[in-house]
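S.K.: all I have is the shape, not the residue letters:
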């Protein structure tokens, strides 16, 4: 196995990013990994329009992780409300649990804390995703108690299979350092 190589996404990567994100979160393919949302949501997780918008936005990058010239992971990193925002975090389902996500998260944190000099990294996680929240807590993120409603009725975010979904904001200050 070779090391991961990181680079910012370009418009040529849009289709591959959409396919990776969908495979990590939706449908039967996502069940090969532990990040699946297939029991919570149907429908799309992202689309070419979302990915292109992230690439085109100022102070925003979709960070790609490649191994042997194959896309194995991605994450959207952007400046938002005076801090970094981390989202669209996806690792190929059959490779989850091998440490690739930790490496990608660490690279994203370095970008936000070291390169951009921002004081905090934030993300939103569906609050019933206890295992996922625990993953982030082990990496220095803390639950803020700030809850945001799930956008029911907006199919760009998926088609909910239950009526109790909401997002919780997680934060990590730069002083906590990048993931070790």
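M.R.: Noted; the coordinates are in hand. Here the structure is a predicted model, which is why all the values come from computation and not from measurement.
S.K.: and residue 158, what does it touch?
M.R.: Residues near residue 158 by Cβ atoms under 8 Å, 6 or more residues apart in numbering: 26, 37, 41, 42, 43, 44, 45. (Each C-beta comes from the backbone N, C-alpha and C, glycine too.)
S.K.: give me that answer again for 7 Å
M.R.: Going by Cβ atoms under 7 Å, 6 or more residues apart in numbering, residue 158 touches 41, 42, 43, 44, 45.
S.K.: cool, and residue 127?
M.R.: When contacts are taken as Cβ under 7 Å, 6+ apart, residue 127 is in contact with 147, 166, 167, 168.
S.K.: where's the second one relative to residue 89, distance?
M.R.: Pointing back at residue 166 there. According to Cβ to Cβ, to the nearest Å, residue 166 and residue 89 sit 19 Å apart.
S.K.: okay, the two: which has more neighbours?
M.R.: residue 89 (23 against 13; other Cβ atoms under 10 Å).
S.K.: tell me which of the contacts of residue 127 fall in helices.
M.R.: If you go by DSSP state H, these have nothing in helices.
S.K.: so which of those residues comes closest to residue 99?
M.R.: residue 168 (25.2 Å; Cβ to Cβ).
S.K.: ok, that closest one touching residue 143?
M.R.: Yes - taking Cβ atoms under 7 Å as the definition, residue 168 is a contact partner of residue 143 at 5.9 Å.
S.K.: between those two, which has more neighbouring residues?
M.R.: Comparing residue 168 with residue 143 by other Cβ under 10 Å, the one with more neighbours is residue 168, at 18 against 15.
S.K.: identify the residues contacting the more buried one.
M.R.: When contacts are counted by Cβ under 7 Å, 6+ apart, residue 168 is found next to 124, 125, 127, 143, 146, 147.
S.K.: just curious, which of these is nearest to residue 137?
M.R.: The nearest member of those to residue 137, counting by Cβ to Cβ, is residue 143 at 7.5 Å.
S.K.: not counting its neighbours along the chain, what's nearest residue 57?
M.R.: residue 78 (6.5 Å; Cβ to Cβ, 6 or more residues apart in numbering).
S.K.: fine by me, we can end here.
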